[in-house]
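**Q** the following block contains a protein sequence and its predicted model.
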Protein chains: 4
Amino acid sequence: MRARTFTESGRRAQIVTAAIEVIAEGGFAKASFSRIAKRAGLSSTGMISYHFAGKDDLLAACVAEIEQVMRAFMEPRIDAAEGHVGQLRAYIESNVAMVGEHPAEVRALIDLVKNAGSRSEAVNGRLTLFEQHFRTGQKAGAFRPFDTRAVALAFTAGLDAVVATAAAEQTGPAELARLGRELADLYVRAAAPETKGER
Amino acid sequence: MRARTFTESGRRAQIVTAAIEVIAEGGFAKASFSRIAKRAGLSSTGMISYHFAGKDDLLAACVAEIEQVMRAFMEPRIDAAEGHVGQLRAYIESNVAMVGEHPAEVRALIDLVKNAGSRSEAVNGRLTLFEQHFRTGQKAGAFRPFDTRAVALAFTAGLDAVVATAAAEQTGPAELARLGRELADLYVRAAAPETKGER
Amino acid sequence: MRARTFTESGRRAQIVTAAIEVIAEGGFAKASFSRIAKRAGLSSTGMISYHFAGKDDLLAACVAEIEQVMRAFMEPRIDAAEGHVGQLRAYIESNVAMVGEHPAEVRALIDLVKNAGSRSEAVNGRLTLFEQHFRTGQKAGAFRPFDTRAVALAFTAGLDAVVATAAAEQTGPAELARLGRELADLYVRAAAPETKGER
Amino acid sequence: MRARTFTESGRRAQIVTAAIEVIAEGGFAKASFSRIAKRAGLSSTGMISYHFAGKDDLLAACVAEIEQVMRAFMEPRIDAAEGHVGQLRAYIESNVAMVGEHPAEVRALIDLVKNAGSRSEAVNGRLTLFEQHFRTGQKAGAFRPFDTRAVALAFTAGLDAVVATAAAEQTGPAELARLGRELADLYVRAAAPETKGER
DNA sequence: TATGAATGAGTATTCATTCAT
DNA sequence: TATGAATGAATACTCATTCAT
């Protein structure tokens, strides 16, 4: 059962896209099945229930879809960067830059993260990604010793907040680039080792 | 007219307390009048509407109540600190420490802040407080030059995230103190001026 | 989209019928969704909201339905009459006669007209119909000169009152015919030209 | 019990006045106890329930109060008129003229009459007044023979409609006088005997 | 008298979900 | 697959009335 191909089957993808748009525009709270169905061009909410086990399932599919888009955008940029510090910087800057390219996805994801909370794998996934990066970076001397979990939490939440505000204000690409550098500077300094680091 | 005493009159206060508890436990989304009424021991939601002009009014009363509690706890600690850096540190540490004293209030406020968004005065109030502190600190040479708005956003959101997680996990006071210092260190380093950079 | 057939689709028509009955029996004020749902044999008010955009929509559908019934009954009788005076008489007599055939519709419409007031197209439609009829009749010498608006108001309201009372008292067809003639006489005399008119 | 003086005791009168204003402005439907209490400067609806046995009681008191005002205005004018026709004319003209003097009372009464329906004594009182006037007038040869009840219904309802529209449109006194004459003409002609009458 | 509080039923509307076709 | 219909609970809010003080 449910052996779906990697890319969502037609209708499913269509519904997910509609849901993301609805969330991006009206927020998580107003993302009802009927609104999503209307946006998807469906005449009834029944089809959503048919394709998804429930609201949580649909939301999870949205998160998965958005993450894929984000990964496609951010991963090359992060991989191109060198060193732990460089990669941290690349993550932050490319994340902020995404607002210019995929504003709906970014807005929707932040809303989903806020409301899904710690139940979501996606949220925890990003957290552990940061933590692991910090731990290996600390071993390599790129970062000073600190509570990796707390800092991962603070960094991701701060990043989300800046990104959300930028998205809400329809910031232009140049300003986004500046914001990204600003935030990257902030975090790099916060994580930098006492003396001289990898950088 | 309506000159209510400083501390809320009996029932109003009782309802506000119940609302805060409900929000703290189930989140903003599940904080319906019926749940709050049940928690407050009221036989109907009508009484809430009797005491408050509407949901926004009740929520505003919750925010006001929580802020009062927070101010009572944090202000003396912040005032006792010296210098821009010291006060920033005191703000962060006392905010994290509050989780041990008033966990429900803290959790509820964070949820309210997340969902009220930029409409709320309270949220913007904290933001501008941070911004002003940063600006005067920059003039005094205590902080390096940075985008005060972006950093204020990142700091407050990060602080909230750490606090929310700590609240959810019922962290003990010793661990809270450590977390506060950790986060304060992080932010102080991030905002520290170039010179003498450990960098 | 939404190209409904001329006669309402099953459930919609059923709800409209129920609403008309409820209004006819308890008046506009007591025509709540729950009463209508109960009368229509529906388990919840949700179905009404499913079929109609809101209360106004349902009420408008009721008016439309009733007007259709009235037109089907009255139009042939009016068209069969000759001259401005004859048609005025036919309008009044057929309107009163309707009470015998469709008492619920008549009672409901009068209540709707009273409460919808001047907002409704239907009300104003009848008024302007009367006014235009008066104006052309005046030019043709069938009616004396008078304030067409004021007289249209007085005539329609008086007609409604007589009809409403007749409906409430479940008057028989013979008595209705007499009432119709009586009222037609009254209005024809009131509108008749000074000397000898068309009549 | 309930031996009240002729003019309402202070608070009662105050509440009645407030109720009339509220009905005149927002219509019967929006005339809730809370709105009336607010308008009357009362801090709770409890006082209304204390002074009146229920909503119907309050409404009846409003009708009584308005009728007294109307009688004070109209009766002298009617008594000054001579003959059955003259008095009919005086009734109509003074009723329309009242809109200029007591718009709130007029608007409220019409709304009350519409919604109270035939239950109210006041409504039936006016009806029987008209009927009796018609009957004696018919005997005196001032009016042609007609169904006194039906005509009384039609006349009063038509009068109300014209008055209500005039009140809603804030018609000036000159136009009101013209409207009154227009309507009086209409009704006098409608009731006039075949040949030459008293007139 | 007057207040403030309380009640319980009532309002329209929205929701996710189910199901027969 | 897809639709349209149906359900029943939930939403915030208003209502007239009652009652202790």
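**A** Looks like it came in fine.

**Q** now the strands for chain A?
**A** Taking DSSP state E as the test, none of chain A falls into strands.

**Q** low-confidence regions, it specifically.
**A** A:1-8, A:117-119, A:195-199 (pLDDT under 70).

**Q** go through it and flag its longest helix.
**A** Using DSSP state H, we find that the single longest helix of chain A is helix A:55-80.

**Q** that one vs DNA strand E: in contact?
**A** Yes. Helix A:55-80 reaches DNA strand E (Cβ under 7 Å from any atom of the strand) through A:K55. C-beta coordinates here come from the backbone N, C-alpha and C atoms, glycine included.

**Q** in that helix, what counts as buried?
**A** The neighbour-count check on helix A:55-80 (16 or more other Cβ atoms under 10 Å in any protein chain shown) flags A:58-63, A:65-67, A:69-70, A:73-74, A:77-78 as buried.

**Q** interface residues of chain A facing DNA strand F?
**A** Listed as neighbours of DNA strand F in chain A under the rule Cβ under 7 Å from any atom of the strand: A:S9, A:G10, A:R11, A:L42, A:S43, A:S44, A:T45, A:G46, A:M47, A:Y50.

**Q** ok, for the closest residue to chain D within chain A, nearest residue in space, not its chain neighbours?
**A** Chain D sits closest to A:K30 of chain A, with a gap of 29.7 Å, by Cβ to the nearest Cβ. With Cβ to Cβ, 6 or more residues apart in numbering or on different chains as the criterion, A:K30 has its nearest non-adjacent residue at 7.4 Å, and that residue is A:V22.

**Q** which residues sit in contact with that neighbour?
**A** Taking Cβ atoms under 8 Å, 6 or more residues apart in numbering or on different chains, we find A:V22 in contact with A:K30, A:A31, A:R35, A:I36, A:R39.

**Q** try 7 Å
**A** A:V22 makes contact with A:A31, A:R35, A:I36, A:R39, according to Cβ atoms under 7 Å, 6 or more residues apart in numbering or on different chains.

**Q** the second one: what's its closest spatial neighbour, skipping adjacent residues?
**A** Sequence neighbours aside, A:V22 is the residue nearest to A:R35 in space, at 5.2 Å (criterion: Cβ to Cβ, 6+ apart).

**Q** what of the last one?
**A** Across the structure, with Cβ to Cβ, 6+ apart as the measure, the residue nearest A:R39 apart from its sequence neighbours is A:A18 (4.1 Å).

**Q** spell out which parts of chain A neighbour chain B.
**A** A:29, A:114-115, A:146-147, A:150-151, A:153-155, A:157-158, A:160-162, A:165, A:179, A:182-183, A:186-187, A:189-190, A:192, A:194-195 (Cβ under 7 Å from any Cβ of the partner chain).

**Q** derive a PyMOL selection command for the buried subset of the residues you listed.
**A** To isolate the buried members of the residues of chain A next to chain B in PyMOL, using 16+ other Cβ under 10 Å:
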select buried, chain A and resi 114+115+146+147+150+151+153+154+155+157+158+160+161+162+165+179+182+183+186+187+189+190+192
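
**Q** now intersect the residues of chain A next to chain B with the helices, please.
**A** A:114-115, A:150-151, A:153-155, A:157-158, A:160-162, A:165, A:179, A:182-183, A:186-187, A:189-190.

**Q** so which bits of chain A are right by DNA strand E?
**A** So chain A meets DNA strand E at A:30-35, A:44-46, A:48-50, A:54-55 (Cβ under 7 Å from any atom of the strand).

**Q** can you select the buried ones among those for me in PyMOL?
**A** To isolate the buried subset of the residues of chain A next to DNA strand E in PyMOL, counting by 16+ other Cβ under 10 Å, use the following:
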select buried, chain A and resi 31+33+35+48
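
**Q** farthest pair within the residues of chain A next to DNA strand E?
**A** A:K30 and A:Y50 (22.5 Å; Cβ to Cβ).

**Q** neighbours of the nearest residue to A:I110 once chain neighbours are set aside, just the number please.
**A** Distance criterion Cβ to Cβ, 6+ apart; nearest residue to A:I110, sequence neighbours excluded, is A:A164 at 4.7 Å. Look at A:A164: counted by other Cβ atoms under 10 Å in any protein chain shown, it has 22 neighbours.

**Q** can I assume A:A164 is in contact with A:L109?
**A** No. The pair A:A164 / A:L109 is not scored as a contact, 9.7 Å apart, by Cβ atoms under 7 Å.

**Q** burial measure for A:M47, as a count.
**A** A:M47, neighbours per other Cβ under 10 Å, totals 17.

**Q** got it, and A:G83?
**A** Look at A:G83: counted by other Cβ under 10 Å, it has 15 neighbours.

**Q** with A:L109 instead?
**A** Neighbours of A:L109 (other Cβ under 10 Å): 29.

**Q** need the contact list for it.
**A** So A:L109 contacts A:V63, A:I66 (Cβ under 7 Å, 6+ apart).

**Q** mind doing that once more with 6 Å?
**A** Listed by Cβ atoms under 6 Å, 6 or more residues apart in numbering or on different chains, the contact partners of A:L109 are A:I66.

**Q** relative to B:G27, how far out is it?
**A** 19 Å (Cβ to Cβ, to the nearest Å).

**Q** now do the same end-to-end measure for stretch A:163-182.
**A** End-to-end distance of stretch A:163-182 (Cα to Cα, to the nearest Å): 12 Å.

**Q** give me the contact list for that stretch.
**A** Applying Cβ under 6 Å, 6+ apart, the set of residues contacting stretch A:163-182 is A:E93, A:V96, A:A97, A:V99, A:G100, A:P103, A:V106, A:R107, A:I110, B:D147, B:A150, B:L153.
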